[in-house]
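In: here is the input, now give the coordinates:
(chains A, B, C and D)
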4 protein chains.
Amino acid sequence: MSDDGLNQLKQRLRQFAVERDWEQFHSPKNLSMAPIGEAAELLEHFQWLTEDQSQTLPPDKLAEVELELADIQLYLIRLADKLNVDLLAAADKKIVLNEKKYPADKVRGSSKKYSEYD
Amino acid sequence: MSDDGLNQLKQRLRQFAVERDWEQFHSPKNLSMAPIGEAAELLEHFQWLTEDQSQTLPPDKLAEVELELADIQLYLIRLADKLNVDLLAAADKKIVLNEKKYPADKVRGSSKKYSEYD
Amino acid sequence: MSDDGLNQLKQRLRQFAVERDWEQFHSPKNLSMAPIGEAAELLEHFQWLTEDQSQTLPPDKLAEVELELADIQLYLIRLADKLNVDLLAAADKKIVLNEKKYPADKVRGSSKKYSEYD
Amino acid sequence: MSDDGLNQLKQRLRQFAVERDWEQFHSPKNLSMAPIGEAAELLEHFQWLTEDQSQTLPPDKLAEVELELADIQLYLIRLADKLNVDLLAAADKKIVLNEKKYPADKVRGSSKKYSEYD
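Out: I've put the predicted structure just below:
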């Protein structure tokens, strides 16, 4: 898989941290606390909407949501970089695992968690 | 920016949902609850480590962390797809905003939040 | 306000940590990562339910949810203890602030966030 | 256990919602998304601190943290009320379970997760 886009972002985030002397704060432990903070901000946009309303966000709200998704993506790239993890290869590996964990003919139409199947 | 890797994952996640008849559960509202759950699992791996320990994870722990990062990435791709958001374009836009928000000469070496600068 | 129940739990959590020699891990920073992990587990129980379904949880699911609520409560007590914060007094103070922030005659029937009112 | 403090807060939160006609938004599903949002705000206060720094927060920061703890507590009370869960009884039950799950003589001084013991 090509991942030029992610690689470019990785490089820019490195530069961003170096220019600000922020490397000192970017331990994996500290960075592991970042995606969840951004994910919470994402969640807040949807909290009081009905599922139907969430299908058709007004443009100004969608623009905000877009930036929250971006925040999560950026911290994910940054943490993966610090841990020397290839995000796309990891995602590829995980999809294969999920396909085995949730066989289509067994779970079709059901939203039960894996642990709830026997 | 090229983003072939992300696009391929997007296609596979679509197929994954269709084959399982899970589209019905994948409202943006419901999907907005997913990245945070995975981000919490990521966080748990680092919770009781010191910052130093987090720099050098043992291989088995790193392998688990890798899959948590993958989970966040996959749900991010899936939600962005549902909202018709281009993740890389959004991330690019956000980096530019961050560069303006945190001018290097002003914030160098400081971890204060944006709101704490005057 | 009386808060004998919370105080008793605080004492038991202190003893729990001492008996296990876990005080060394319980820095406020580390403990601040705990409520969110438990809150994520709570969230997962509701993720794929409709709002209607969430009103009438089956008994076994409710029992699980009950323990997730308990986990959040326990870590909240523990962190507040470490920071020397009186949880009930803080909650009391916050309700008063919320009453001012969201005047009933202004926000009635609306779920907009505070920042969305002008 | 006496829990007059929590009960009073429960009553005030009921009144708060009724006065604002917010009951319509307070499905358990929607409320399950609230504690995690507040927990994320709590977390952000500690993210870039060292463990040592987190032990001695400056007064203004501690005042902010106090209100974040309050937010989590309030939503916890509200959701428990909606689900007809007795928070203190649940916490009591959970402590007993934890005492069995983590026998002092087995886990002393170790921060491994339950699943990591054999």
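In: longest helix in chain A, please.
Out: helix A:59-83 (DSSP state H).
In: and chain D, is that helix touching that?
Out: No. Using C-beta under 8 Å from any C-beta of the partner chain, helix A:59-83 never reaches chain D; the gap is at least 10.9 Å. From N, CA and C alone the C-beta is placed, and that goes for glycine too.
In: does that helix reach chain B?
Out: Yes. Counting by C-beta under 8 Å from any C-beta, contacts between helix A:59-83 and chain B involve A:62, A:65-67, A:69-74, A:76-77, A:79-80, A:83.
In: A:R20 and B:N98: what is the separation?
Out: Distance from A:R20 to B:N98, counting by C-beta to C-beta, to the nearest Å: 10 Å.
In: quick one on the thing from earlier: from the residues of helix A:59-83 next to chain B, list just the buried residues.
Out: Taking 16 or more other C-beta atoms under 10 Å in any protein chain shown as the criterion, what is buried in the residues of helix A:59-83 next to chain B is A:65-67, A:69-74, A:76-77, A:79-80, A:83.
In: for those, which one is nearest D:H45?
Out: Using C-beta to C-beta, A:D71 comes nearest to D:H45 of those, at 17.7 Å.
In: which residues does the spatially closest residue to that closest one that is not a sequence neighbour contact?
Out: Spatial nearest neighbour of A:D71, excluding adjacent residues (C-beta to C-beta, 6 or more residues apart in numbering or on different chains): A:E38 at 3.9 Å. By C-beta atoms under 8 Å, 6 or more residues apart in numbering or on different chains, the contact list for A:E38 reads A:E68, A:D71, A:I72, A:Y75.
In: rounded mean pLDDT for stretch A:70-79, please.
Out: The pLDDT scores in stretch A:70-79 average 98.
In: circling back: and the longest helix of chain A, what does it pack onto?
Out: helix A:4-20, helix A:28-32, helix A:34-46, helix A:87-101, helix B:59-82, helix B:87-101 (3 or more C-beta pairs under 8 Å, 6 or more residues apart in numbering or on different chains; DSSP states H and E).
In: ok, is whichever helix or strand comes after the last one in contact with chain A or not?
Out: Note on helix B:87-101: by DSSP states H and E, the next helix or strand toward the C-terminus is helix B:104-107. Yes. Interface with chain A: helix B:104-107 contributes B:A104, B:V107 (C-beta under 8 Å from any C-beta).
In: output helix B:104-107 in CSV with nothing but the alpha carbons.
Out: Presented in CSV, the C-alpha positions along helix B:104-107 are these (Å, rounded to 0.1, in the frame of the first residue of the first chain):
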residue,chain,number,x,y,z
ALA,B,104,7.0,28.7,17.1
ASP,B,105,8.7,31.8,18.5
LYS,B,106,5.9,32.3,21.1
VAL,B,107,5.3,28.8,22.4
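In: for it, buried residues please.
Out: Buried residues in helix B:104-107, defined by neighbour count with 16+ other C-beta under 10 Å: B:V107.
In: now do A:L79 against chain D, distance only.
Out: Per C-beta to the nearest C-beta, to the nearest Å, A:L79 is found 13 Å from chain D.
In: which ones are touching that residue?
Out: Shown in contact with A:L79 (C-beta under 8 Å, 6+ apart): A:P28, A:L31, A:S32, A:A34, A:P35, B:L69.
In: now do A:A17
Out: A:A17 sits next to A:E23, A:H26, A:R78 when contact means C-beta under 8 Å, 6+ apart.
In: please report how far the closest residue to chain D within chain A lies from chain C.
Out: Relative to chain D, the nearest point of chain A is A:A40 (3.2 Å; C-beta to the nearest C-beta). From A:A40 across to chain C, the span is 8 Å (C-beta to the nearest C-beta).
In: tally of neighbours for the nearest residue to that residue once chain neighbours are set aside?
Out: Closest residue to A:A40 apart from its sequence neighbours, by C-beta to C-beta, 6+ apart: D:A40 at 3.2 Å. Number of residues near D:A40 (other C-beta atoms under 10 Å in any protein chain shown) recorded here: 26.
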